[in-house]
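> Sequence first, then the predicted structure:
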Amino acid sequence: MSSVVVVGAQWGDEGKGKVVDLYAQHAQSVVRYAGGANAGHTLVVGGETLILHLIPSGILHSHVRCIIGQGTVIDPRTLCEEITALEARGISVRDRLMVAGRAHLVLPYHKELDCLREKGARAIGTTKRGIGPAYQDKAARRGIRVSDLRDPARLTQAVEDNLSYWAPIFEAGGVDVPRVADVAGEVLACAETLVPLMCDGVAWVKATQERGDHVLFEGAQGALLDVDHGTYPFVTSSSVTSGGASAACGVGPRTLDHVVGIVKAYSTRVGEGPFPTELHGEAGDQLRAWGHEYGATTGRPRRCGWLDLPALRYAIHINGIDRLAITKLDVLSELSELTVCTAYEVNGTRYEMLPSEEDLADVTPIWETVPGWKSDITACRKLEDLPKEARDYLNKIEAWVNCPMDLVSVGPDRVQTLGRLNPFSE
Ligand code: GDP
Ligand code: IMO
Ligand code: MG
């Protein structure tokens, strides 16, 4: 039995989709365990691009079975659209995709509430996919779950109760309260597609682990967006770290064998919140252009900056990452010199690891520069093919954060990857 968790080690968009798709060649099942359609996971195979929001990134492999686990929040319409879009491309989905009945639904009014909140002074820069309000309803124990799709009367009653709870917020925002029949109608229209896919998520994951399958747990977002451990309040609303995989899927932490942390060779962030190594002006624009750094879900330009080692050490610690996958190394190929933040200084104190957010406002990054390689590496297929300066940069990252590197990505395509391509091999 072997279970590998794939987590984002920064602020999301590290290339989790690409790595899960690649690893899934050697897996029997893939479990998506956090977040919802705020995620945008990009897969590029043979020059064709696919962006997934809810469906696990193993779906392109016909031998792989996938589940959207119960820690996620599912926008039923988005999921139905995603299924239809994949089927239109000739990919079989309904025979291999399951949805945990205990996962909560994102309802149309959650998205409206998210948008309303984002108009206020305390905007987070969310994806406006209704994630925060849906998790809020879940925690308040009035959430509506995938299993409720089986019972239209019960679901309609729950929508009515919830809308009466939210009505004052809509009214204060000058927006009409959505009509119960419209909401219930839209959601129940998805029941025909989703009810047949529903299962007991805990039993499903237990069975795949007990069969001795190679299981991938696919994270969404990134460590610094975690609701407990991220740069609060500029975070998402779920537990996105490896511990979240265990908690949400109902598997003991000791059944998880490895945690692979996906790290961009530099840093990006979408939305508001602290970003100590951010590059402003031309330098940031240049990195964005080289890396095509625009959100896979919202199209927003991503903020760009240098690699932040204190943040990475923190991500390694809170996730128990034992292997790193470095992505987008090729994006740095034009630079004659690369800059890395090796530590922070805050009011005269040196921090090797990201401190709590109260201290983040006054951070002065401590920089180190290393030579660039100034050559195209996108055709490299073995670590030995990389220029010496690129290998030196990778070796330095390993040493700086004291974590071995397993995988290096030098382009968006599945084949543009070097290192250990099978995470289940010893
Ligand atoms: P995810 O949310 O972590 O799955 O990442 P996204 O898909 O949101 O963003 C990563 C982007 O970088 C996508 O457009 C990928 O196709 C692209 N990408 C992934 N790995 C590489 C790489 O090594 N080099 C380049 N140039 N692009 C990459
Ligand atoms: P993937 O899985 C990057 C960010 C949003 C915002 C904050 C809260 O593709 O890496 P939310 O809509 O979750 O309430 O927004 O979190 N965010 C992401 N940033 N990648 C993601 O997912 C993200 N999911 C949420 O931009 O700052
Ligand atoms: Mg993304």
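Received it, and whenever you're ready, just let me know what you need. Given the structure is predicted, the values throughout are model-derived calculations rather than measurements. Ligands and ions are numbered 1, 2, ... in the order given.
> What does the pLDDT read for the nearest residue to residue 335 once chain neighbours are set aside?
Nearest non-adjacent residue to residue 335, counting by CB to CB, 6 or more residues apart in numbering: residue 372, 4.2 Å away. Where C-beta positions appear, they are placed from N, C-alpha and C, glycine not excepted. As predicted, residue 372 sits at a pLDDT of 98.
> tally of neighbours for residue 372?
Residues near residue 372, counting by other CB atoms under 10 Å, number 17.
> wait, doesn't it sit right on residue 389?
Yes - taking CB atoms under 8 Å as the definition, residue 372 is a contact partner of residue 389 at 6.2 Å.
> Could you break the protein into its assigned domains?
2-100+214-259, 104-192, 263-419 (automatic domain parsing).
> Can you add distance to residue 199 and give the ones you listed back as a markdown table?
Shown next, in a markdown table, are these (distance: least, CB to CB, whole Å):
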| stretch | distance to residue 199 |
| --- | --- |
| domain 2-100+214-259 | 5 |
| domain 104-192 | 10 |
| domain 263-419 | 26 |
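> Now tabulate those domains in JSON lines and tack on distance to ligand 1.
Written out in JSON lines, the entries for the domains of the chain read as follows (distance: least, CB to the nearest ligand atom, whole Å):
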{"stretch": "domain 2-100+214-259", "distance to ligand 1": "3"}
{"stretch": "domain 104-192", "distance to ligand 1": "11"}
{"stretch": "domain 263-419", "distance to ligand 1": "3"}
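> just checking, which of these sits deepest inside the structure?
domain 2-100+214-259 (a mean of 22; mean count of other CB atoms under 10 Å).
> right, is that one up against ligand 3?
Yes - against ligand 3, domain 2-100+214-259 shows contacts by CB under 5 Å from the ion at 13, 40.
> Just the endpoints, please. Distance across that domain?
With CA to CA, to the nearest Å as the measure, domain 2-100+214-259 spans 11 Å from end to end.
> ditto for stretch 245-257
Taking CA to CA, stretch 245-257 runs 12 Å from one end to the other.
> from the middle of its chain, how far away would that stretch be?
Taking the mean of its C-alpha atoms, stretch 245-257 sits 18 Å from the chain's own mean (CA atoms, centre = their mean, to the nearest Å).
> for stretch 82-96, same thing?
22 Å.
> Outside of it itself, which residues are in contact with it?
Outside stretch 82-96, the residues that touch it by CB atoms under 8 Å, 6 or more residues apart in numbering are 50, 52-55, 59-60, 62, 64-66, 97, 193, 196-197.
> which two in those residues are spaced the farthest apart?
Comparing every pair within these by CB to CB identifies 50 and 196 as the most remote, at 23.5 Å.
> Okay, the closest residue to residue 291 other than its chain neighbours and residue 290: tell me how far apart.
Of all residues not flanking residue 291 in the chain, residue 331 sits nearest, at 4.2 Å (CB to CB, 6+ apart). Using CB to CB, to the nearest Å, residue 331 is found at 5 Å from residue 290.
> Quick one: mean pLDDT for the top helix by length along the chain?
Taking DSSP state H as the assignment, the helix of the chain that covers the most residues is helix 152-172. Taken as a whole, helix 152-172 has a mean pLDDT of 97.
> can you check stretch 342-360 too?
The model assigns stretch 342-360 a mean pLDDT of 90.
> Ends of it, what's the gap?
End-to-end distance for stretch 342-360, by CA to CA: 15 Å.
> Indicate whether that stretch makes contact with ligand 2.
No - judged by CB under 6 Å from any ligand atom, stretch 342-360 makes no contact with ligand 2; its nearest approach is 14.0 Å.
> ok, and what's touching that stretch?
Stretch 342-360 has contacts (CB under 8 Å, 6+ apart) with 224, 231-232, 274, 276, 308-311, 313-314, 317, 362-368, 400.
> ok, 7 Å please
Residues from elsewhere that reach stretch 342-360 (CB atoms under 7 Å, 6 or more residues apart in numbering): 231-232, 274, 276, 309-311, 313-314, 317, 362-366, 368, 400.
> where does the residue nearest to residue 272 when sequence neighbours are not counted fall, phi/psi-wise?
Excluding its sequence neighbours, the residue lying closest to residue 272 (CB to CB, 6+ apart) is residue 125, at 4.2 Å. The phi and psi values for residue 125, taken as degrees, to the nearest 10, are phi 80, psi 40.
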